[in-house]
Every structure is written in structure tokens, then in C-alpha cells.
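**Q** Any chance you could fold what I've pasted below:
(chains A, B, C and D)
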2 protein chains.
Amino acid sequence: MELLIDKNLDNFATICRQAGLKITPQRKLIYRCLLQSKEHPSAEMLLKTVRNHEPSISLDTVSRTLKTFESLGLVKVMAGGGDARRFDGDTSTHQHFRCVNCHKIFDFHYKPYESIEIPSVITDRFKILGVSVYVEGYCPDCQ
Amino acid sequence: MELLIDKNLDNFATICRQAGLKITPQRKLIYRCLLQSKEHPSAEMLLKTVRNHEPSISLDTVSRTLKTFESLGLVKVMAGGGDARRFDGDTSTHQHFRCVNCHKIFDFHYKPYESIEIPSVITDRFKILGVSVYVEGYCPDCQ
DNA sequence: GTACTTGCAAAGCCTTTGCATCATA
DNA sequence: TATGATGCAAAGGCTTTGCAAGTAC
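**A** As a prediction, this is how the structure comes out:
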């Protein structure tokens, strides 16, 4: 896992440079914490983690950085059901279960969802960026 | 279409009575406008439509009413990607395309998505309420 | 040295809440 | 007539913006 994160951080540096963005300690830290997180954190959740390493960092640096990462494709934004946006450092294809009560998010991989083709009524009219599948319900703690 | 709305309004009245809710002119109007809307409106978008018929209605009545409808299952809430929540009066199974630029939402029906079973790793641990499929990209106006 | 970033504070949206007034059942 | 609903205004969250100070390149 450490190796994977190192590899992603190299990739991160390359992408930043290509985009003309500076590689600051804050950006590296935020990205590293996001990769290690399994909870699909909101900006505020991620801030807590980040402050364990660097207490002086501010919420809006985290927010702005996540927004920057999003436009670079380094991060996926999850539509929080009306709550704060949640961020996912894993940009590979996968699906999510979301608890409607506590808003925890769980990943899962299920091939059938990935092999479905988008119908031509959509591909003909729209330029497709991606498909998101959300299963909603109650997690074990909230049933 | 008028017939369908009348039928839904009857259904609406029944559901309200069962829940012990009063059937007020505002609630009827809000529900009717939502059924007729094809744009998956936010509370504010719906307010504009509603005010064409009843100018004195307030935004928070619309918001509160939509929230009430949601808990009754009369309305589906769509996770707006960080923007205002969007509401859908069509509670039948269907999928959505969402423009990442102008945030317009388009419905489509595509059987393969509906016939996928949720994997047992999810059904074993969680109580499932529903599955949402969002295709994201650019609509014709935004390409 | 220069242009980009950061941190702070304020402002902006959207949503929720408190409360007096009003209307449904 | 009594409970629940509405409208208004204020408050609460989350996100965005403006600006001076700081930093990567």
C-alpha cells in the first residue's frame, strides 16, 4: 500500500507540473491523506486528518485543493445527498453504497455494472464523462 | 397526461390522509407543479413555477413540503453535485443523465440497468432502499 | 524575482429553525 | 376548535471570494 501511494504521488507530481501547478507541502499532504482515507471524506473530515500532520492548515486550502484536484481528474467528487460533498481519491471504476442515515459510504466492485453499455439515445446526444452507480439504504449500524 | 396527474393527485390525497397530513392548497399546487415539470427542479426552480399560480407562496413552504413529500415517498431527491438538491416527481425506476456544466438533468430508461441484481456482498450487510444510476457529461448546449 | 498559494475573514447560497398567524379537518 | 401548516425572518452549514503575506520555481 505504501508503494501504491508512492506511485500515485509520483503521478500526482507529474500531473501538477503538466498543469503548471506548484507542488506545495499542503497539496502533497492533502493528496496523501485522501489516498489513505477509506471514508470518502468531506473537506472538513479530511481537514481533521490533515491537521494531525500539519495543524496550521486551513479548511479553505483543503477545499480549494480538492477542487483543483477534481479539475485535474485526481479526485472524484461524490454527490452528497444534500450534505457536504464527499471526495474519493480512487478514480478507478467502482460502485458505492451510501447509508441514508449516517451518510457513511462503502465501496464495492461488481462487474455487471461495468460491462453495461450506455444506450445510444444518450451517447448520440451527449458527451459522456462517466457513470456513477449508488446503492442506497441502511448500513449495519443504522438498521 | 392530465388524467395521469389527476390519478396521482388522488393518490397524493390518500397518502397524505394516511400520514395524518392536511391537504392544503399549497401542497396540492406544489405536487401538481412537480409532476408537470420535466426539469427535475430545485426548490427555488419549483418556486418560480408555483408562483405563476399562487404568487404569495414562500420558498420555505416549498422546501418543507418537498421534504415532507420525500419522507412519504412521493418525491425522489437527487443528489445535486454540491449544488441545490433537485427533486423528481417520477418515482418509477429510471436513469438520469446530468450535465456537469449547466446541471440540466435528463431522464432515460434502459432496461439492462434495471435487471442487474445487487451483489450479495451488499445485500448481506445492508438494507437496500434503491439504486441510482447517473451518467455524467456534457449536454448538447454545453459541448 | 514572479507568479502561484496560502490563511484569514467576509460574503454568498441553500437549508433549517422559531414563532406568531392562519386554515384544515 | 384544536392541531397542524404557512410565511416571515433569523440562524446555521458549507462553499466561495478578496486580499495581503508567503513560497515554489
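**Q** Kindly list the longest helix within chain A.
**A** helix A:2-18 (DSSP state H).
**Q** Tell me which other helices or strands that helix touches.
**A** helix A:25-36 (3 or more C-beta pairs under 8 Å, 6 or more residues apart in numbering or on different chains; DSSP states H and E). Every residue, glycine included, has its C-beta placed from N, CA and C.
**Q** Tell me what residue A:88 is bridged to.
**A** With DSSP bridges as the criterion, residue A:88 is bridged to residue A:76.
**Q** Pull up the gap between it and residue B:135, please.
**A** Distance, residue A:88 to residue B:135, using C-beta to C-beta, to the nearest Å: 18 Å.
**Q** Name the residues of the longest helix of chain A that come out as buried.
**A** Residues of helix A:2-18 classed as buried by neighbour count (16 or more other C-beta atoms under 10 Å in any protein chain shown): A:8, A:12, A:16.
**Q** Leaving out the residues flanking it, which one is nearest to the last one?
**A** In other words, residue A:16. Leaving aside its sequence neighbours, residue A:16 sits nearest to residue A:23 (C-beta to C-beta, 6 or more residues apart in numbering or on different chains; 5.2 Å).
**Q** Quick check on that neighbour: phi, psi?
**A** phi -90, psi 90 (degrees, to the nearest 10).
**Q** Neighbour count: residue A:88 and residue B:135, which is higher?
**A** Neighbour count, other C-beta atoms under 10 Å in any protein chain shown: between residue A:88 and residue B:135, residue B:135 has more, with 22 against 19.
**Q** touching chain A at all, the helix or strand hosting that one?
**A** Here residue B:135 sits within strand B:127-138, counting by DSSP states H and E. Yes - applying C-beta under 8 Å from any C-beta of the partner chain, one finds strand B:127-138 touching chain A at B:127, B:128, B:129, B:130, B:131, B:132, B:133, B:134, B:135, B:136, B:137, B:138.
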